[in-house]
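Peer 1: got a sequence here, can you model it:
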Amino acid sequence: MNTQFAKYASGCLVGLSVSALAYADISDQTVKVGFITDMSSVYADVDGQGGVEAIKMAIEDAAPSLKGIKVELLTADHQHKADIASAKAREWFDVQGLDVLIGGTNSATNLAMAKVAADKKKPFIAVGGGTTRLSNEDCSPYVMQYAYDTAAVAKTVANAVVELGGKTWYFLTADYAYGASLEKETGDAVIAGGGEVLGSVRHPISAADFSSFLLQAQSSNADVLGLANAGADLIASIKGAREFGLTDQMNLAAPLMFETDIHALGLPVTQGMYTSSAWYWDMDEDSRAWAKRFYDVMDRQPTFVQAGDYSAVRSYLEAVAAVGTDDADAVIEYMRSTPVNDMFAKNAHVRPDGRLVKDMYLLQVKTPEESQYPWDYFKVVKTLPGEDVLITKENSTCQYWK
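Peer 2: Now for the predicted structure:
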């Protein structure tokens with residue numbers, strides 16, 4: 001079935017139509033999907049326009065099961081400002097009749113959007129927001145945390161690095177919700193593994209100069225510099241650490257690092273580093289087949305956030321098709337009771353706290369000699385079941401999981 005894309009007058013509104021036929025129980029005869037992420041700043045490569053294209057792919061692939069239901073996609077740039085994200089979300093719900101909101105990168109904006117969605121009793125699926133607050137103390141029956149969280153990436157990487165001898169850590173941390181959450185979760189995992197946290201320093205998002213932060217880290221004499229940041233800030237941190245000679249005395253550990261980061265820095269600079277991921281484009285035949293389609297559009301390989309965008313939207317739309325309505329409670333009930341099986345997640349399920357339980361992966365950056373083709377940057381060292389790295393029910397503060 002052909003999909004028609006049309007630009008709307010509101011700038012970053014994109015419409016997709018599969019046919020004129022619609023179910024009677026679909027509000028406004030249209031399912032409206034909203035996507036708010038970083039389109040122009042430090043995390044634009046991680047998600048951004050690539051996330052938009054991934055969602056378009058999901059809408060196209062879901063079309064046969066939708067049987068004529070019209071789907072519209074609205075997109076916006078949150079500019080890393082929670083007030084912009086929440087205002088746009090509220091406008092879309094109140095004025096545009098939005099049915100589901102997908103949250104891209106930046107945890108603070110995800111928390112703001114989640115609150116609006118909960119107030120409106122509409123589904124919010126956080127894909128790029130990693131703070132555990134989304135499925136812990138700030139959980140909601142209308143919120144799902146789909147791809148990863150800081151507890152999962154922290155345990156995946158910290159345990160491995162401590163076992164390899166990295167006993168003392170110092171953190172360079174992005175000064176917002178994601179960075180704080182990642183530092184805490186990683187630090188807790190280090191201590192639980194028998195290590196020690198010597199201190200930390202916070203930097204603003206999109207910091208222009210990391211020299212003073214890196215000098216503080218160097219003076220700690222820690223074994224490991226834990227990088228609790230991402231995107232362009234992570235790239236700048238690694239470059240600066242190499243230039244200042246920190247890597248002569250400290251190992252670098254990045255609980256979250258993307259293909260785009262390696263591509264920008266190069267294998268000689270990043271080789272041997274450990275990181276974690278919820279998905280890797282070159283891990284199996286299904287991931288490679290989907291990544292090829294993405295590459296044909298974007299001319300680069302997808303990150304796990306972009307793959308998560310695809311999976312989240314396709315799962316939502318297939319739930320709409322299955323229940324025959326876009327009623328929020330009916331769709332959410334179906335999504336929470338139906339396993340996810342696609343190129344992103346195998347036999348995954350949504351817990352009562354809203355967290356999608358899926359495997360996580362410990363990755364190591366390849367050496368230049370090990371890399372055999374473009375974007376061949378990681379090797380999968382270990383697969384960890386979600387149950388082993390996520391917050392447990394005993395430690396959860398989510399009121400809906402008691």
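
Peer 1: what about the strands in the stretch 301-402 of the chain?
Peer 2: For the stretch 301-402 of the chain, the strands defined by DSSP state E, counting those that start in this stretch occupy 349-350, 356-357, 360-365, 378-384.

Peer 1: in the chain, where is pLDDT below threshold?
Peer 2: In the predicted model of the chain, residues 1-24 satisfy pLDDT under 70.

Peer 1: in TSV: the strands of the stretch 301-402 of the chain, plus distance to Y334 and mean neighbour count.
Peer 2: C-beta here means a position set from N, CA and C on the backbone, and glycine is covered the same way. Listed next are these as TSV, based on distance: least, Cβ to Cβ, whole Å; neighbours: other Cβ atoms under 10 Å:
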stretch	distance to Y334	mean neighbour count
strand 349-350	10	19
strand 356-357	14	24
strand 360-365	25	22
strand 378-384	28	15
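
Peer 1: so which of these is nearest N251?
Peer 2: N251 sits nearest to strand 360-365 of all the strands of the stretch 301-402 of the chain, at 12.5 Å, using Cβ to Cβ.

Peer 1: and the angle from the closest one to strand 378-384?
Peer 2: With axes from the mean of the first three to the mean of the last three Cα atoms, to 10 degrees as the basis, strand 360-365 and strand 378-384 are set at 150 degrees to each other.

Peer 1: partner strands of strand 360-365, with direction?
Peer 2: Partner strands and pairing direction for strand 360-365 (DSSP bridges) are strand 274-277 (antiparallel), strand 378-384 (antiparallel).

Peer 1: now render these as CSV, adding distance to A319.
Peer 2: Output for those, formatted as CSV (distance: least, Cβ to Cβ, whole Å):
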stretch, distance to A319
strand 274-277, 26
strand 378-384, 27
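
Peer 1: so which of the strands of the stretch 301-402 of the chain gets nearest L390?
Peer 2: Shortest distance between L390 and those, using Cβ to Cβ, is found for strand 356-357: 6.5 Å.

Peer 1: give me the distance between T260 and D45.
Peer 2: 4 Å (Cβ to Cβ, to the nearest Å).

Peer 1: quick one: which of these two has more around it?
Peer 2: Neighbours of T260 and D45, each counted by other Cβ atoms under 10 Å, are more numerous for T260; the result is 26 against 22.

Peer 1: so that one touches F304, yeah?
Peer 2: No. Counting by Cβ atoms under 8 Å, T260 does not reach F304; the two are 11.1 Å apart.

Peer 1: now do the shared contacts for those two.
Peer 2: Common contacts of T260 and F304 (Cβ atoms under 8 Å, 6 or more residues apart in numbering): none found.

Peer 1: excluding chain neighbours, what is closest to the most centrally placed residue in the chain?
Peer 2: The chain has G128 as the residue nearest its centroid, 2.7 Å off, counting by Cα atoms, centre = their mean. In this structure, G128 finds its nearest non-sequential neighbour in T105, 3.7 Å apart by Cβ to Cβ, 6 or more residues apart in numbering.

Peer 1: hang on, that neighbour packs against Q306?
Peer 2: No. At 10.5 Å, T105 does not count as touching Q306 under the criterion of Cβ under 8 Å.

Peer 1: who touches both of those two?
Peer 2: 46-47.

Peer 1: of those two, give the one with the bigger neighbour count.
Peer 2: Applying other Cβ under 10 Å to T105 and Q306 shows that Q306 carries more neighbours, namely 35 against 30.

Peer 1: how far away is the more buried one from I391?
Peer 2: For Q306, the distance to I391 equals 25 Å [Cβ to Cβ].

Peer 1: equivalent analysis for K67, please.
Peer 2: 39 Å.

Peer 1: higher neighbour count, the two?
Peer 2: I391 (22 against 14).

Peer 1: quick check: phi and psi at that one.
Peer 2: Main-chain dihedrals, I391, degrees, to the nearest 10: phi -60, psi 130.

Peer 1: which non-adjacent residue is nearest it?
Peer 2: Going by Cβ to Cβ, 6+ apart, I391 has A151 as its nearest residue, at 5.1 Å.

Peer 1: same question for N341.
Peer 2: N347 (6.3 Å).

Peer 1: let me see the contact set for the one you found.
Peer 2: N347 makes contacts with 339-341, as judged by Cβ under 8 Å, 6+ apart.

Peer 1: nearest to C139, of these?
Peer 2: C139 lies nearest to V340 out of the contacts of N347, by Cβ to Cβ, at 18.9 Å.
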